[in-house]
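Trainee: A predicted structure for the sequence below; I have some questions about it.
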Amino acid sequence: MKESDALKAVVITFPGSNCDQDAAHALRVVVGAQVSFVWHGQSELPAGTDLVMLPGGFSYGDALRSGAIARFSPIMAGVRRFAEGGGHVWGICNGFQVLLESHLLPGAMLQNASGRFVSRTVRMRVEQEDTPYTRTLARGRILRIPVAHHEGRYHASEETLDHLEAEGRVVFRYIDDPNGSVRSIAGICSANRRVLGMMPHPERAAEAVLGSEDGRPIFDSIAAHLAEATA
Amino acid sequence: MRGRVLVTLREGVLDPAGQAVQGGLRQLGFEGVQSVRIGKVIEFELEAMPPEQARARLEDMGRKLLANTVIETFEVELD
């Protein structure tokens, strides 16, 4: 593949992001993406961006609520415009929290029901295969992916949840729910299916050397989808 | 002028930190505590302005940032 044909991914780095390098590594190694880092203080995404990754971490030290301050970073205005224009945005862990606080996805995160930080590999089930992020996965497939969070208990009103379920927007559900999320929700997508938020970390399980390749098909899916979309 | 915004979890939302504190109080021998809920107090010093204007401003801040109304509610207090 010529470099100019490669998937152009942007990883946003907030003060306190700590999975930005892992996410970039997975995008480069697993799907050969051309990755650039964009500091939160910039206000525009690079021209030609195919995918925006909001990585895990503790943006702004989780001040007030996880993701609450990152929402006001100058770059989030650009990310919002990108998403509203039909762009693909993928938030993992703190990135999911930022998407919720930014109202790019519905709901909110609470402290884990156990009251503890949880860092272990969990099982989650693929609930939807017709999203850009799961198209190489079969519905019902169970993936083993690590989680590492203290505020991962997803919450939304019953009305919102029913709406999400009716539109097939619950993309991943925990088998062994580590945090008490309502309806065991591990990941949801936007109405146009292009914005995905998920608590588990597929970038930590995308290569055999890491002990699991279960995260890999998610990277393969979005890469295949974007290759088709831009062909 | 001083004001405060008190942010609390909505009724029915599980508060594991509150439960942990309740357990600690029980260990210390405090009886009769039926529930503990933990919230946040955000204190402000504001330039002089009419109280109704200050209240409106803090309520706007509460809605737009200080509380996430999916999971929290808030109250405004002025001295």
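Mentor: Cool, the structure landed.
Trainee: give the helix, strand or coil label for the residue nearest the centre of chain A.
Mentor: Chain A has residue A:91 as the residue nearest its centroid, 2.7 Å off, counting by Cα atoms, centre = their mean. Following DSSP: H, G, I helix; E, B strand; the rest coil, residue A:91 is assigned to strand.
Trainee: try residue B:56
Mentor: helix.
Trainee: next one: residue A:187
Mentor: strand.
Trainee: who's in contact with it?
Mentor: By Cβ atoms under 8 Å, 6 or more residues apart in numbering or on different chains, the contact set of residue A:187 is A:96, A:124, A:170, A:171, A:172, A:196, A:197, A:198, A:199, A:200. (Each C-beta comes from the backbone N, C-alpha and C, glycine too.)
Trainee: let's see it at 6 Å
Mentor: When contacts are counted by Cβ atoms under 6 Å, 6 or more residues apart in numbering or on different chains, residue A:187 touches A:171, A:172, A:198.
Trainee: residue A:63 now?
Mentor: By Cβ under 6 Å, 6+ apart, residue A:63 lies in contact with residue A:69.
Trainee: now it: how far from residue B:17?
Mentor: Distance, residue A:63 to residue B:17, using Cβ to Cβ, to the nearest Å: 17 Å.
Trainee: ok, residue A:72 next?
Mentor: Using Cβ to Cβ, we find residue A:72 at a distance of 26 Å from residue B:17.
Trainee: how about low-confidence regions in chain B?
Mentor: For chain B, no stretch has pLDDT under 70.
Trainee: what segments of the chain are helices?
Mentor: As the question left the chain open, I've gone with chain A. A:20-31, A:74-84, A:94-101, A:158-166, A:216-230 (DSSP state H).
Trainee: you looked at the wrong chain, it should be chain B
Mentor: B:16-27, B:51-61.
Trainee: about what we covered before: tell me which of the helices of chain A is the most buried.
Mentor: Among the helices of chain A, helix A:94-101 has the highest mean neighbour count (mean count of other Cβ atoms under 10 Å in any protein chain shown), at a mean of 29.
Trainee: quick one: that one to helix A:74-84, angle?
Mentor: 80 degrees (axes from the mean of the first three to the mean of the last three Cα atoms, to 10 degrees).
Trainee: residues in contact with helix A:94-101?
Mentor: Contact with helix A:94-101 is made by A:54-57, A:59, A:66-68, A:70-71, A:91, A:105, A:107-109, A:197-199, as judged by Cβ under 6 Å, 6+ apart.
Trainee: and what of stretch A:66-73?
Mentor: A:14, A:40, A:59, A:60, A:63, A:97, A:98, A:101, A:102, A:109, A:151.
Trainee: among the contacts of helix A:94-101, which are in strands?
Mentor: A:54, A:91, A:108, A:109, A:197, A:198 (DSSP state E).
Trainee: same list, these, but only the ones touching chain B.
Mentor: residue A:108 (Cβ under 6 Å from any Cβ of the partner chain).
Trainee: output the contacts of residue A:187 in TSV, with pLDDT and neighbour count appended to each entry.
Mentor: Shown next, in TSV, are the contacts of residue A:187 (pLDDT from 0 to 100; neighbours: other Cβ atoms under 10 Å in any protein chain shown):
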residue	pLDDT	neighbour count
A:171	98	26
A:172	98	27
A:198	98	25
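Trainee: just the closest of those to residue A:34, please.
Mentor: Using Cβ to Cβ, residue A:198 is the member of these that sits closest to residue A:34, with 23.2 Å.
Trainee: what sits against residue B:26?
Mentor: By Cβ under 6 Å, 6+ apart, the contact set of residue B:26 is empty.
Trainee: how much space separates it from chain A?
Mentor: Look at residue B:26 and chain A: by Cβ to the nearest Cβ, to the nearest Å, they are 16 Å apart.
Trainee: could you find the closest non-adjacent residue to residue B:43?
Mentor: Spatially, and ignoring its direct neighbours in sequence, residue B:43 is nearest to residue B:4 (5.3 Å; Cβ to Cβ, 6 or more residues apart in numbering or on different chains).
Trainee: so the one you found makes contact with residue B:77?
Mentor: Yes: assessed by Cβ atoms under 6 Å, residue B:4 is found in contact with residue B:77 at 4.5 Å.
Trainee: ok, back up a step: from the contacts of helix A:94-101, which would you call buried?
Mentor: Neighbour counting by 16 or more other Cβ atoms under 10 Å in any protein chain shown classes A:54-57, A:59, A:66-68, A:70-71, A:91, A:105, A:107-109, A:197-199 among the contacts of helix A:94-101 as buried.
Trainee: and residue A:3, what pLDDT?
Mentor: On pLDDT, residue A:3 comes in at 50.
Trainee: ugh, wrong one, I meant residue A:230
Mentor: Here the pLDDT value assigned to residue A:230 is 75.
Trainee: what residues are up against the closest residue to it other than its chain neighbours?
Mentor: Among residues not flanking residue A:230 along the chain, residue A:50 sits closest, at 6.4 Å (Cβ to Cβ, 6+ apart). Residue A:50 makes contact with A:7, A:8, A:226 under the criterion Cβ under 6 Å, 6+ apart.
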